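**Q** Next come a sequence and a model predicted from it.
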Amino acid sequence: LRRQRQMCIRDSFQKACEAAGLHAIHGIELSGEPARRQADEAPRVITGALRGERPRAVLLARDAAGWAAICRAATLRGLRPDFDLAQTVEHLLAEHPRSVFVLSDHPGLLRRWAPRQPADQDLPPLHALLPWQECIHRPERLAGPKPPLQALSAWRKAPRVPNHRRLRALARLAEELDLPTVASGDVWFARPEGMLTQRVLSAMRRRTTLPRVRPADLAPEGAWLRPPAEMAALLDEFGEAVAATARLAEACAWRMPLGQWVFPDYPLPAGESAEGLLWKVAFEGLRERFHPIPPVAMERLQQEMAVVSRLGFAEYLLVVWDIARFAHGEGIPLVGRGSAANSLLCYVLGITNVDPLALDLFFQRFLNPERVSPPDIDLDFCWRRRDEVLRYVYERYGADRVAMIGTLNAFAARSAVREVAKCIGLSDREITPLTDRLPHLAGQSTGLVPGDVAEGDEDWTRLLIALLYGDKPVITGTFRNGSLAIMRE
């Protein structure tokens, strides 16, 4: 998986590969285009994937150190307007020659990076990339006016015109620079019919109709996952590059560790342990909450502290306490939610305002030593002053270790069909009678038959039926919420 500039869904990808008996390879594609564009320039997901002049590099992780280096490079690409791809990869090759593979089809970048290639490795890190889509050329236009989808279908069925000219030039350059070659390319959908779905998604993203989608916003033709026999036939002139692809895949044996909770560090005073400091602040809070301290409260706090220490959550609770303490100190309204309300420890730390002893709440709903799961603590701050809390967290724990959390939003059947229908060009008056008959939740019967879906163009009918009757009528997007992630050093 080498999504352009994006690091999300990695765990789902690896789990899906393992379930299917496949080998997951983690990486990313970075381009040298400016990270931030002018306000009046629309963002493009696909930026001329096969243009030879487009500076790009595919980074693949061989081990944990390589993955960490790739993550840092992706962060720089997203944050710095002056991001320099050539310099970033140059440093990466120098510092992690045995932890990453770097693939590129840009002649200028290959010439600059070639001197960094170590001479003592069986599998050197830098490879010249031969993009297999260069072998698939079709006529740009077909005679006669046709509706957009019919023209697309006819163009897709047109005979191929093989063209190895650029691949041969890249292979000659690799030989000149003494670089190994590898065959790869862009895959945007699993099967040829996915081209239509990708076109629809691009129209949705650009808020336009299908005939108005710009070619620059579409995946390159032929960017679907091909079987090995067809790949070998397409690249029959470049057998060594095909063989090198398999060797690189075997060398990328690193697996992302899943199921391990990694909590942020709390800046502890010299000579102080996390458990010791948590005990001190908890006892001070206990004295403030109870006058005098009842034995049952002390006993309950000791029991909860024992579970927290055993599960290794002391530093995490200190971080949450630190954030809540700042808010209280600045007079920022704060409400602690979730199962943390069952914890006396959270109550005395000022994270929640619910006395679990008075309400006879069970601590095991918050933390249970028999069911290891992370603490569930939600802190809601006054929206007028939430930015003050965010600023404090960034300054306290470091802007390089704090990030806003992005979430994936999946469309249900009604929303998906409505958005697709807009791309087709249907009006709200035409869409509403159809969507009103759809369920709000997935898995419920629609009560529709294919004849109710659409009339006329066969491609539109097939697409809408797939959305209505498919296993997962889901289209994803991202949005920000008010949550933060704090990382370790």
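**A** Looks like it arrived, so ask away.

**Q** Alpha carbons of stretch 56-75, as PDB, please.
**A** Taking C-alpha atoms only, stretch 56-75 is exported to PDB below (Å, rounded to 0.1, in the frame of the first residue of the first chain):
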ATOM      1  CA  ARG A  56       8.000  11.400  -7.400                       C
ATOM      2  CA  ALA A  57       9.400   8.700  -5.200                       C
ATOM      3  CA  VAL A  58       8.000   5.500  -3.800                       C
ATOM      4  CA  LEU A  59       9.300   4.700  -0.300                       C
ATOM      5  CA  LEU A  60       8.900   1.100   1.000                       C
ATOM      6  CA  ALA A  61       9.700   0.000   4.500                       C
ATOM      7  CA  ARG A  62      12.000  -2.900   5.200                       C
ATOM      8  CA  ASP A  63      11.800  -2.600   9.000                       C
ATOM      9  CA  ALA A  64      10.500  -0.500  11.900                       C
ATOM     10  CA  ALA A  65      13.300   2.100  11.500                       C
ATOM     11  CA  GLY A  66      12.400   2.400   7.800                       C
ATOM     12  CA  TRP A  67       8.700   2.900   8.600                       C
ATOM     13  CA  ALA A  68       9.600   5.600  11.100                       C
ATOM     14  CA  ALA A  69      11.700   7.400   8.600                       C
ATOM     15  CA  ILE A  70       9.000   7.200   6.000                       C
ATOM     16  CA  CYS A  71       6.400   8.600   8.500                       C
ATOM     17  CA  ARG A  72       8.800  11.500   9.200                       C
ATOM     18  CA  ALA A  73       9.200  12.200   5.500                       C
ATOM     19  CA  ALA A  74       5.400  12.100   5.000                       C
ATOM     20  CA  THR A  75       4.900  14.500   7.900                       C
END
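
**Q** List the contacts of it.
**A** For stretch 56-75, the external contacting residues (CB atoms under 8 Å, 6 or more residues apart in numbering) are 2, 5, 7, 25-32, 85, 88-89, 92, 95-96, 98-106, 109, 129, 184, 248, 251-254, 256. No exception for glycine: its C-beta is placed from N, CA and C like everyone else's.

**Q** From these, list just the buried residues.
**A** Among the contacts of stretch 56-75, the ones that count as buried by 16 or more other CB atoms under 10 Å are 2, 25-32, 85, 88-89, 92, 96, 99-106, 109, 129, 184, 248, 251-252, 254.

**Q** where in the protein is pLDDT low?
**A** 1-9, 33-53, 134-163, 221, 407-410, 439-489 (pLDDT under 70).

**Q** Might you specify the subset of the buried ones among the contacts of stretch 56-75 located within helices?
**A** Counting by DSSP state H, those place 85, 88, 89, 92, 109, 248, 251 in helices.

**Q** Reformat these as a markdown table; add distance to residue 363.
**A** Converted to a markdown table, these look like this (distance: CB to CB, whole Å):
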| residue | distance to residue 363 |
| --- | --- |
| 85 | 52 |
| 88 | 48 |
| 89 | 51 |
| 92 | 47 |
| 109 | 57 |
| 248 | 51 |
| 251 | 48 |
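
**Q** Closest one to residue 420 out of the residues you listed, please.
**A** Nearest to residue 420 out of those is residue 85 (CB to CB; 35.8 Å).

**Q** The host helix or strand of residue 321 packs against which elements?
**A** Using DSSP states H and E, residue 321 falls within helix 314-329. Helix 314-329 is packed against helix 274-289, strand 334-337, strand 378-381, helix 386-397, with contacts defined by 3 or more CB pairs under 8 Å, 6 or more residues apart in numbering; DSSP states H and E.

**Q** For residue 204, which residues are in contact?
**A** 419, 420, 422, 423, 475.

**Q** what's the closest of the residues you listed to residue 208?
**A** residue 423 (7.6 Å).

**Q** I'd like to know how far the residue nearest to that closest one when sequence neighbours are not counted sits from residue 217.
**A** Once flanking residues are discounted, residue 423 sits nearest to residue 203: 4.1 Å by CB to CB, 6 or more residues apart in numbering. Between residue 203 and residue 217 the computed distance is 8 Å (CB to CB, to the nearest Å).

**Q** Check whether residue 119 sits in a helix, strand or coil.
**A** Classification of residue 119 by DSSP: H, G, I helix; E, B strand; the rest coil places it in coil.

**Q** tell me the SS of the residue sitting furthest away from the middle of the chain?
**A** For the chain, the largest distance from the centre (CA atoms, centre = their mean) belongs to residue 292, which lies 51.4 Å off. Here residue 292 is recorded as coil under three-state DSSP.

**Q** Please renumber the chain so that the first residue is 199 from this point on.
**A** Taking 199 as the first residue, the last one we looked at is residue 490.

**Q** Contacts only, for it.
**A** If you count contacts by CB under 8 Å, 6+ apart, residue 490 has none.

**Q** any idea how far residue 499 is from it?
**A** In this view, residue 490 and residue 499 are 14 Å apart by CB to CB.

**Q** Got phi/psi on the residue farthest from the centre of the chain?
**A** phi -80, psi 180 (degrees, to the nearest 10).

**Q** What residues sit buried inside the helix holding residue 519?
**A** Within helix 512-527, the residues that count as buried by 16+ other CB under 10 Å are 512-522, 524-525.

**Q** what does stretch 262-282 give?
**A** 264, 265, 267, 268, 269, 271, 272, 274, 275, 281.

**Q** Spatially, what comes nearest to the first one if we skip its sequence neighbours?
**A** Of all residues not flanking residue 264 in the chain, residue 297 sits nearest, at 3.3 Å (CB to CB, 6+ apart).

**Q** separation between the one you found and residue 553?
**A** Residue 297 is 52 Å from residue 553, by CB to CB.

**Q** ditto for residue 575
**A** Taking CB to CB, one finds residue 575 at 17 Å from residue 553.

**Q** Perfect, that will be all.
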